[in-house]
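[1] Please work out how this folds:
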Amino acid sequence: MSLFQPFDPGDENGPRRLIPRPPVPLRAVLPSLVTLVALCAGLTSIRMTVEHRYETAVLLIAAAAVLDGIDGRIARFLKSTSRFGAELDSIADFVSFGVAPAILIYVWSLGSLKSLGWIAVLIYVICAALRLARFNVALDADKPDWHGGFFVGVPAPAAALIVLLPIYLELVAIPHGFLTAPVTLVYTVAIGLLMVSRVPTWSGKLVGRRIARDLVAPLFVGGVLVVAFLVSFPWETMSALTLAYLVCLPLSWRSFQRHARGATVAKTSGDIP
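    Coordinates of the predicted model:
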């Protein structure tokens, strides 16, 4: 008998009876399975870091980010979103995008700074935890539809990938130097603070719903090119994508402000109730 199986306590005239539970549909389980695979990737990344297999550790964090990007879409497509799935996703994100990259950065470079390096790692991990907690609270908030195109702060998966930029650069050609650890320390803390900042960043949640017909072919070509470059020149491509993301942060801020002004004008004129 399952410890969690409900039962009818019965009364003095009859024994207790187990209450049969309805079967769980596969579509309700599939998104959580994807989330658990992402969690396993993050945990295995920690093992690879301990074994000083840094390239594999980075690739596993990237794989966890890809899986994190599709589990929610699978849940929405199958109409199986749930509070349990959201909480499980947050736990997996904390491990894969908070703990795993922080340990990787520390073992790779910040460990040479002893306590200062560990403090930087703690700041990053704490910021990741606070960012995920704030995101969960915001799920219940009533916001305008256009807010769905933006995150508040840098999302944890993106932060995990961009905080590894110093490792990408070393894998490209830039060797370790006496400034590597101090610069990595400042950079790690800065990315952590970006996670808990109020800086609006573009969200990919709305991507894929509808696109203009004229953009279909360029989208296919662009996607194939990105994949081709990732396969042929992975670290150069990751470095370029990371720098492009950082450059886009001011642009996303301007886009958010433009949407906010437009919504304010529309509400003032009476177009929005």
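
[2] and residue 101, what is it in contact with?
    61, 124, 159-160, 163-164 (Cβ atoms under 8 Å, 6 or more residues apart in numbering). (Each C-beta comes from the backbone N, C-alpha and C, glycine too.)

[3] From those residues, keep the buried residues only.
    Buried members of the contacts of residue 101, counted by 16 or more other Cβ atoms under 10 Å: 61, 124, 159-160, 163-164.

[4] which of the residues you listed lies closest to residue 248?
    Nearest to residue 248 among those: residue 159, at 14.2 Å, using Cβ to Cβ.

[5] can you list contacts of the helix or strand harbouring the closest one?
    If you go by DSSP states H and E, residue 159 is part of helix 156-162. Helix 156-162 is contacted from outside by 61-62, 64-65, 68-69, 93-94, 96-98, 100-101, 128, 131-132, 154, 191-192, 194-195, 201, 238, 242, 245-246, using Cβ under 8 Å, 6+ apart.

[6] So which of the residues you listed sit within helices?
    61-62, 64-65, 68-69, 93, 100-101, 128, 131-132, 191-192, 194-195, 238, 242, 245-246 (DSSP state H).

[7] Could you export stretch 219-236 as PDB, CA atoms only?
    Provided in PDB are the C-alpha atoms of stretch 219-236 (Å, rounded to 0.1, in the frame of the first residue of the first chain):
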ATOM      1  CA  LEU A 219      14.000  32.500 -39.500                       C
ATOM      2  CA  PHE A 220      14.800  29.000 -40.900                       C
ATOM      3  CA  VAL A 221      18.100  30.300 -42.500                       C
ATOM      4  CA  GLY A 222      19.100  32.000 -39.300                       C
ATOM      5  CA  GLY A 223      18.300  29.000 -37.100                       C
ATOM      6  CA  VAL A 224      20.300  26.700 -39.400                       C
ATOM      7  CA  LEU A 225      23.300  29.100 -39.400                       C
ATOM      8  CA  VAL A 226      23.300  29.300 -35.600                       C
ATOM      9  CA  VAL A 227      23.200  25.600 -35.300                       C
ATOM     10  CA  ALA A 228      25.900  25.200 -37.900                       C
ATOM     11  CA  PHE A 229      28.200  27.700 -36.200                       C
ATOM     12  CA  LEU A 230      27.500  26.100 -32.800                       C
ATOM     13  CA  VAL A 231      28.600  22.700 -34.100                       C
ATOM     14  CA  SER A 232      31.600  24.000 -36.000                       C
ATOM     15  CA  PHE A 233      32.800  26.800 -33.700                       C
ATOM     16  CA  PRO A 234      31.000  26.200 -30.400                       C
ATOM     17  CA  TRP A 235      33.100  28.500 -28.100                       C
ATOM     18  CA  GLU A 236      33.400  31.300 -30.600                       C
END
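
[8] Mind listing what's buried along that stretch?
    234-236.

[9] Following element in sequence after the helix or strand containing residue 121, please.
    If you go by DSSP H and E, residue 121 is part of helix 115-138. Using DSSP H and E, the next helix or strand after helix 115-138 towards the C-terminus is strand 150-152.

[10] Quick one: distance of that next one to the chain centre.
    The chain centroid and the centroid of strand 150-152 are separated by 12 Å, computed with Cα atoms, centre = their mean, to the nearest Å.

[11] What is it packed up against?
    Other helices and strands packing on strand 150-152, by 3 or more Cβ pairs under 8 Å, 6 or more residues apart in numbering; DSSP states H and E, are helix 115-138, strand 200-202, helix 234-269.

[12] tell me the most buried of the ones you listed?
    Most buried of the helices and strands packed on strand 150-152, by mean neighbour count (mean count of other Cβ atoms under 10 Å): strand 200-202, with a mean of 20.

[13] what's it in contact with?
    With contacts defined as Cβ under 8 Å, 6+ apart, strand 200-202 is touched by 149-155, 158, 248-249, 252-253, 255-256.

[14] residues in contact with the following helix or strand past it?
    Next along the chain after strand 200-202, taking DSSP H and E as the criterion, comes helix 216-232. When contacts are defined by Cβ under 8 Å, 6+ apart, helix 216-232 is touched by residues 211, 236-238, 241.
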